[in-house]
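*Asks:* The amino acid sequence is not available; the structure is as follows:
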């Protein structure tokens with residue numbers, strides 16, 4: 001009796017294609033992970049816009065609101081606390097990201113040049129800074145001696161340069177085509193001109209990724225404000241969010257001019273949505289640069 005020939009699996013890009021059972025398993029796992037990510041966010045948004053009666057009956061989070069009620073958002077923005085904190089966070093994020101990108105790019109480009117005499121000592125300092133932290137008390141004493149307490153500079157300068165981001169940018173600048181830079185120098189361009197007209201235009205993808213890293217760090221930071229800022233008028237949004245969520249401060253009773261004070265859960269979820277929306281709006285525009293920006297070993301032409 002002749003043996004039945006073995007059925008060969010279809011190949012896709014040199015890899016055996018997944019069978020129906022394997023594809024079904026992948027789909028189920030993907031759906032589970034998507035639900036684990038989306039359901040909490042949906043509950044936060046739904047609770048912030050759910051009617052007050054439904055939130056009170058649920059005693060917390062609401063997954064499917066029975067109507068829309070924006071009283072929580074009106075209560076947040078009518079008192080000025082959240083609006084002022086949102087402005088502080090925007091100022092710190094935009095200004096800090098711009099300064100961090102400028103400083104990191106200049107430092108990384110200098111470290112990538114073969115003729116830079118201090119490349120090894122500076123690189124050693126960058127690596128030491130990545131491995132060891134100065135500690136909370138020494139950092140507080142330094143900020144105090146510099147006169148930066150209750151200043152927005154205390155929210156920017158401590159995290160101005162990230163050693164990891166500098167290494168990523170340096171790796172990108174090192175892999176720039178030598179032919180391009182050498183031809184520019186033959187035409188009489190100096191280092192500044194090569195950096196400004198060649199290196200930066202070719203590094204838009206990695207700059208977008210590093211800029212997003214810095215922006216998210218500045219936007220989500222609250223611990224520096226907790227340590228260095230005593231003036232509530234200079235609090236960023238994340239510190240206001242922490243205060244209202246952790247301490248359960250009653251908004252609307254003393255600071256917000258609202259006739260009907262929404263439930264505390266609605267206020268907490270509303271301010272959480274306000275703190276997340278700006279990053280969600282920026283991320284889609286930079287997402288296409290991630291694969292190209294993180295893979296710094298590719299030759300740019």
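*Replies:* Ah, there it is. On a predicted model such as this, the values are computed, not experimentally measured, just so you know.
*Asks:* can you pull the pLDDT of the nearest residue to residue 157 once chain neighbours are set aside?
*Replies:* Nearest residue to residue 157 in three dimensions, chain neighbours excluded: residue 148, at 6.9 Å (C-beta to C-beta, 6 or more residues apart in numbering). Heads up, the C-betas are built off the backbone N, CA and C, glycines and all. Reported pLDDT at residue 148 in the predicted model: 90.
*Asks:* Next, residue 148: phi, psi?
*Replies:* Here is the backbone geometry of residue 148 (degrees, to the nearest 10): phi -100, psi 0.
*Asks:* residues near it, how many?
*Replies:* Using other C-beta atoms under 10 Å, residue 148 is surrounded by 17 other residues.
*Asks:* roughly how far apart are it and residue 91?
*Replies:* Applying C-beta to C-beta, to the nearest Å, the value for residue 148 to residue 91 is 16 Å.
*Asks:* remind me, longest helix of the chain?
*Replies:* helix 81-112 (DSSP state H).
*Asks:* That one: what's the following helix or strand?
*Replies:* Sequence-wise, the next helix or strand downstream of helix 81-112 (DSSP states H and E) is helix 119-131.
*Asks:* Please name every helix or strand in contact with that following helix.
*Replies:* Here helix 119-131 touches helix 81-112, helix 163-174, going by 3 or more C-beta pairs under 8 Å, 6 or more residues apart in numbering; DSSP states H and E.
*Asks:* Take the ones you listed and write them to a markdown table, including mean pLDDT and distance to residue 214.
*Replies:* A markdown table is the format used below for these (pLDDT from 0 to 100; distance: least, C-beta to C-beta, whole Å):
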| stretch | mean pLDDT | distance to residue 214 |
| --- | --- | --- |
| helix 81-112 | 91 | 4 |
| helix 163-174 | 88 | 7 |
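*Asks:* Go through the ones you listed and name the closest to residue 127.
*Replies:* With C-beta to C-beta as the measure, helix 163-174 is the member of the helices and strands packed on helix 119-131 nearest residue 127 (6.9 Å).
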